[in-house]
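# Output the structure for:
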Amino acid sequence: MAETRTFDPAAHVPRLDGSIEVSGLPASVRIHRDDHGIPHVEAADEASAWFGMGYACAQDRLWQLEWYRRRGRGRWSEVVGSSGLPGDRMFRRLRLVDACRADVEAMSAETRAMFETYAAGVNAYVDAGEPLPPEFGLTDLGWEPWTAEDCVMVFKVRHAIMGKRLLKLARLEFLRLAGPEAYATLEGIEPGGINVILPPGGTVPTSYAPTIEEVRAAAADLGTLASDEGGSNSWAVHGSHTTTGKPVICNDSHRPLDVPNVYWQVHVWCPEF
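Model prediction:
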């Protein structure tokens with residue numbers, strides 16, 4: 001039996017005008033938006049700047065934050081059901097929760113304060129009674145307070161499967177399907193980095209088969225998080241080769257087109273920077 005739910009989009013639009021009193025704000029913050037909707041955070045001190053940045057991000061990306069948190073913690077199946085289990089199993093095996101906790105514990109007092117103040121700004125948006133994105137109502141999910149560890153989790157989810165993890169898994173699968181002789185033809189074209197570690201004798205025990213199937217299912221569940229079309233690059237042009245005489249620094253980030261986008265643009269100003 002299918003269930004149909006409706007919602008009023010206007011009821012979920014964040015309040016962008018007027019003054020809002022929130023608890024935990026170190027000093028005054030002003031958030032204004034330009035014609036493109038980009039938030040500009042102006043704060044009386046650095047701590048308030050991070051707070052305001054978190055608040056503005058919650059206005060724009062609260063459900064995306066929740067999505068990252070649940071993916072990294074292996075709790076996405078609580079939202080979508082059994083279809084999310086393969087990805088949840090993979091992320092739990094990566095132990096990102098433990099890694100985030102260790103990272104926060106290793107932070108300097110100054111860095112941890114920055115993360116915690118940003119998180120306080122995210123929570124202040126919800127605590128102020130501002131509307132939650134419609135996805136929360138459509139999925140019957142409540143909001144759980146954002147933490148410094150959750151901030152780190154967002155980064156780890158985006159980068160956990162970068163590097164050579166997918167390549168190693170793909171080559172293990174290739175070895176199983178094509179055999180060691182065919183696999184040997186790949187030698188010498190391995191990108192720089194840590195070499196793939198093969199089982200003794202270059203064979204793949206049949207006991208690996210269930211794991212490989214789980215990897216396939218997990219990759220299918222990850223969507224754009226498992227993109228294999230990476231290859232970001234950065235480059236610079238000397239001023240002697242430009243029409244203005246000034247150098248040009250460029251970054252071409254090869255990211256999938258997510259909705260919302262993985263990047264969020266914000267301008268932050270305070271006396272410290």
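# mind listing what Asn233 touches?
251-252, 254 (C-beta atoms under 8 Å, 6 or more residues apart in numbering). C-beta here means a position set from N, CA and C on the backbone, and glycine is covered the same way.
# beta partners for it?
Note on Asn233: beta-bridge partners by DSSP bridges are Asp252.
# how close does it sit to Asn251?
8 Å (C-beta to C-beta, to the nearest Å).
# got any ranges where the stretch 1-150 of the chain has weak pLDDT?
By pLDDT under 70, the low-scoring segments of the stretch 1-150 of the chain are 1-2.
# which residues in it form strands?
Counting by DSSP state E, counting those that start in this stretch, the stretch 1-150 of the chain has these strands, from start to end: 29-33, 39-43.
# What residues of the first one count as buried?
When neighbours are counted by 16 or more other C-beta atoms under 10 Å, the buried residues of strand 29-33 are found to be 29, 31.
# Report the angle between it and strand 39-43.
160 degrees (axes from the mean of the first three to the mean of the last three C-alpha atoms, to 10 degrees).
# Pairing partners for strand 29-33, with directions?
strand 39-43 (antiparallel).
# Could you list the residues in contact with the strand it pairs with?
Contacts to strand 39-43, defined as C-beta under 8 Å, 6+ apart, come from residues 27-34, 49, 51-53, 56, 59-60, 266-270.
# Now do that strand: distance to the chain's middle.
23 Å (C-alpha atoms, centre = their mean, to the nearest Å).
# Can you mark which positions in that strand are buried?
Of the residues in strand 39-43, 39, 41-43 count as buried by neighbour count, 16+ other C-beta under 10 Å.
# likewise stretch 235-248?
For stretch 235-248, a neighbour-count test (16+ other C-beta under 10 Å) marks nothing as buried.
# From the chain's centroid, how far away is that stretch?
The gap between where stretch 235-248 is centred and where its chain is centred comes out at 33 Å by C-alpha atoms, centre = their mean.
# got it, and stretch 111-119?
Centroid displacement of stretch 111-119 relative to its chain, using C-alpha atoms, centre = their mean, is 17 Å.
# for that stretch, which positions count as buried?
Using 16+ other C-beta under 10 Å as the test for burial, stretch 111-119 gives 114-119.
# again with stretch 41-53
In terms of neighbour count (16+ other C-beta under 10 Å), stretch 41-53 has its buried residues at 41-44, 46-53.
# Spit out the contact partners of Ala113.
Going by C-beta under 8 Å, 6+ apart, Ala113 touches Ala47.
# Ala27 versus that one, what's the distance?
Distance from Ala113 to Ala27, by C-beta to C-beta: 14 Å.
# Against Lys246, how distant is Val262?
Distance, Val262 to Lys246, by C-beta to C-beta: 29 Å.
# so of the contacts of strand 39-43, which ones are in helices?
Of the contacts of strand 39-43, the ones assigned to helices by DSSP state H are 49, 51-53, 56, 59-60.
# how about JSON lines for those residues, with distance to Gly81 added?
Shown next, in JSON lines, are the ones in helices among the contacts of strand 39-43 (distance: C-beta to C-beta, whole Å):
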{"residue": "Ala49", "distance to Gly81": "40"}
{"residue": "Phe51", "distance to Gly81": "36"}
{"residue": "Gly52", "distance to Gly81": "37"}
{"residue": "Met53", "distance to Gly81": "34"}
{"residue": "Ala56", "distance to Gly81": "33"}
{"residue": "Gln59", "distance to Gly81": "29"}
{"residue": "Asp60", "distance to Gly81": "28"}
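# related to what we said a few turns ago, to Arg15, which of the strands of the stretch 1-150 of the chain lies closest?
Arg15 lies closest, by C-beta to C-beta, to one member of the strands of the stretch 1-150 of the chain: strand 29-33, at 10.9 Å.
# now could you export just the CA positions of the closest one as CSV?
C-alpha atoms of strand 29-33 as CSV (Å, rounded to 0.1, in the frame of the first residue of the first chain):
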residue,chain,number,x,y,z
VAL,A,29,25.9,38.9,14.1
ARG,A,30,24.4,40.3,11.0
ILE,A,31,23.5,38.0,8.1
HIS,A,32,22.5,39.6,4.8
ARG,A,33,22.1,38.0,1.4
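# picking up where we left off before, next, format the strands of the stretch 1-150 of the chain as CSV and append distance to Phe7.
What follows is these, written out as CSV (distance: least, C-beta to C-beta, whole Å):
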stretch, distance to Phe7
strand 29-33, 24
strand 39-43, 25
